[in-house]
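Student: Fold the following, please.
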Amino acid sequence: MVLQISATNPEHPALLLDLPWQLPLEEWPEHRLVPLPRGISRHVVRYARAGTEVVAVKELAERPAVREFELLRDLDRLGIPAVDALAVVTGRTGSGGEPLEPVLITRHLGGSMPYRSMFETTLRPATMHRLMDALAVLLVRLHLAGFAWGDCSLSNTLFRRDAGAYAAYLVDAETGELHGRLSTGQREYDLDLARVNISGELLDLEASGALHPSVDPIAFGTEICDRYSGLWQELTRTSVYPAGKYHYIDRRIRRLNDLGFDVAEMQIAHSSSGDTVTFVPKVVDAGHHQRQLLRLTGLDAEENQARRLLNDLESWMATQDDYAPGDPLAARPEVLAHRWVRDVFRPTVRAVPRELRGAMDPAEVYHELLEHRWYLSERAQHDIGLDTAVQDYIATVLPGVRGTPADPHDEDAPPPPRA
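Tutor: Sure, this is the predicted structure:
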C-alpha cells in the first residue's frame, strides 16, 4: 500500500509527512503528542504537532474519514462553527506490512475545551445555562444551513469562551447530512437526539460526582429544546404589521442583529385589503457583529467578543476630535477603527504578560480587562481608566488562573518546547 495524504492546503502534506504513520495511533511516542484535554470518542484521537500546527488525529475507516472530511469542508464554506479539516491519510501500513486504519486530521481549535474538562471543577448552574445557549445557537445555525447533525451532544462539541458566554463548535460530523433544506421532522429528530444525549452525559457526570447538586440532568436535557425552539421561532417566524408601520420591520431586523444574525434576504407583501404588511426573513446569516468588527478593524473574534469590542470602539470614537458622523470631511469609521486597534487594543493586550494569559485569546483578554475596569470603577464610584485596570488585573486576578494552558495558536504566545 502507498501512503496518500489528501489535504486542503498544498503545504500541509509536507508538514504531516514527518508524523509516525507506520505506528497505530495508540502507540505514538509521547514526544510527538501535545498534552491537551480530549473528550470522549468512539475512535482513537490524539493531538500532535505538525510544524507550527497543533492537529487532532482520529483513526477511522476510509469511507467515513473521507465523508467527514468533505462535510467539514462544506461547513467551512457555509461559515458554520466547526473544526477545520486539514487532511485524510490513507494507505498506512505498520512496520511488518500490516494495514493500519486511515486517519482524519483537523486543526486544533485554539482556546477550546471539551465539556468533561470543564466539569473537572464543578460548574455552576449559570455556567451550564450558557453552555446550553451556545449549543442551541450552533444547532440552529446548522439547521438553517440545511445540515442534519445526527448526533448532537456535548461530547461532539467544543466550547470557547466568548465575552462571558460561550461559543460552541461542531467537532464530529461523521453522522451528518447536508441538504438544501431540512424538514420539520429532520429538525425535531436532531433535537430529540440532543435531548437524550445531553441528559445521558449529565447523568454520567452525576454518577461520577462531577455535577453540581442542584442540576437536574433530565431538565437540562430538555432545556436545549426550549432554547432551540425560542431562537428558531424568533429567526423564522412570519410577522404581520399594520400598513405604514415600516419601523416595525426595522425593529424586527435590529432584534435579529442583536441576537447576532443578519437578514440577507426578506419577503414583504401587502394583504389584499392593504391594511397589513407581512414580513418574512428569508435567509438569516449568523455572525453580524463578527463581520462588522472584521470589516472595521481586521480583528477576528467570537460573536459576543465582537459585540463588546464594537461597543468599546464606539465609545472611544466618540471621544475623538475628528469623529463627526455625517460630516464628509470627518475621519471615516474605518480610519478611526484602525487607530483604536493601534493605539488602544493592541497596547492594552500586550500589557498583559504572555505567560499569564493562559488559553485566552487577545479578544477575550481585552473583554476581561473591560469587565475588570467596570468592576473597579463601580467600587471607586468613578472611572479608574484602562491603564489602572490592567495593572490591578495583572496583580490580583491573573495569578489565580496561572495554571491554564497556553493557547498554541496565540500569535503572541511563547513558542512550544522542542521535542
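
Student: Pull the residues that contact stretch 336-355.
Tutor: Identification of contacts with stretch 336-355 by C-beta atoms under 8 Å, 6 or more residues apart in numbering yields 296-299, 309, 313, 316-317, 320, 322-323, 362, 365-366, 369, 386-387, 390, 393-394, 398, 406, 410, 412-414. Bear in mind the C-beta positions are built from the backbone N, C-alpha and C, glycine included.

Student: for stretch 215-222, that is, sorry about that
Tutor: Residues from elsewhere that reach stretch 215-222, judged by C-beta under 8 Å, 6+ apart: 125, 128, 132, 194-200, 202-203, 205-206, 211.

Student: rewinding a little: show me which of the contacts of stretch 336-355 are buried.
Tutor: Using 16 or more other C-beta atoms under 10 Å as the burial test, these include 296-297, 299, 309, 313, 316-317, 362, 365-366, 369, 386, 390, 393-394, 398, 406, 410, 413 as buried.

Student: Could you pick out which of those are located in strands?
Tutor: Among those, DSSP state E puts none in strands.

Student: can you map out the helices along this structure?
Tutor: Counting by DSSP state H, one finds helices in the chain at the ranges 12-16, 62-77, 115-118, 125-144, 184-208, 217-236, 246-258, 288-297, 303-317, 333-340, 346-350, 362-380, 386-396.

Student: hey, least reliable of those by pLDDT?
Tutor: Lowest mean pLDDT within those: helix 12-16, at a mean of 71.

Student: Excluding sequence neighbours, find me the nearest residue to Phe279.
Tutor: Ser239 (4.6 Å; C-beta to C-beta, 6 or more residues apart in numbering).

Student: Hmm, the one you found is touching Ala269, no?
Tutor: No: assessed by C-beta atoms under 8 Å, Ser239 is found out of contact with Ala269, at 11.5 Å.

Student: Name all residues that sit in contact with those two at the same time.
Tutor: Residues touching both Ser239 and Ala269 (C-beta under 8 Å, 6+ apart): Thr278.

Student: So for these two, which residue has more residues nearby?
Tutor: More crowded of Ser239 and Ala269, by other C-beta atoms under 10 Å: Ser239, with 14 against 11.

Student: what's near enough to touch that one?
Tutor: Neighbour list for Ser239: Tyr248, Ile249, Arg252, Thr278, Phe279, Val280 [criterion: C-beta under 8 Å, 6+ apart].

Student: Show the buried residues in these.
Tutor: Ile249, Arg252, Phe279.

Student: Trp232 versus the last one, what's the distance?
Tutor: Counting by C-beta to C-beta, to the nearest Å, the gap between Phe279 and Trp232 amounts to 17 Å.

Student: Equivalent analysis for Val349, please.
Tutor: Distance from Val349 to Trp232, by C-beta to C-beta: 36 Å.

Student: Between those two, which has more neighbouring residues?
Tutor: Applying other C-beta under 10 Å to Val349 and Trp232 shows that Val349 carries more neighbours, namely 20 against 17.

Student: Which residue is the nearest non-sequential neighbour of the more buried one?
Tutor: Closest residue to Val349 apart from its sequence neighbours, by C-beta to C-beta, 6+ apart: Pro362 at 4.6 Å.

Student: Which pair in the contacts of stretch 215-222 has the greatest spatial separation?
Tutor: The most widely separated members of these, counting by C-beta to C-beta, are Pro125 and Val196 (20.8 Å).

Student: Could you tell me the per-residue confidence at Asp361?
Tutor: On pLDDT, Asp361 comes in at 87.

Student: ah, wrong one, I meant Asp412
Tutor: Per the predicted model, pLDDT is 38 at Asp412.
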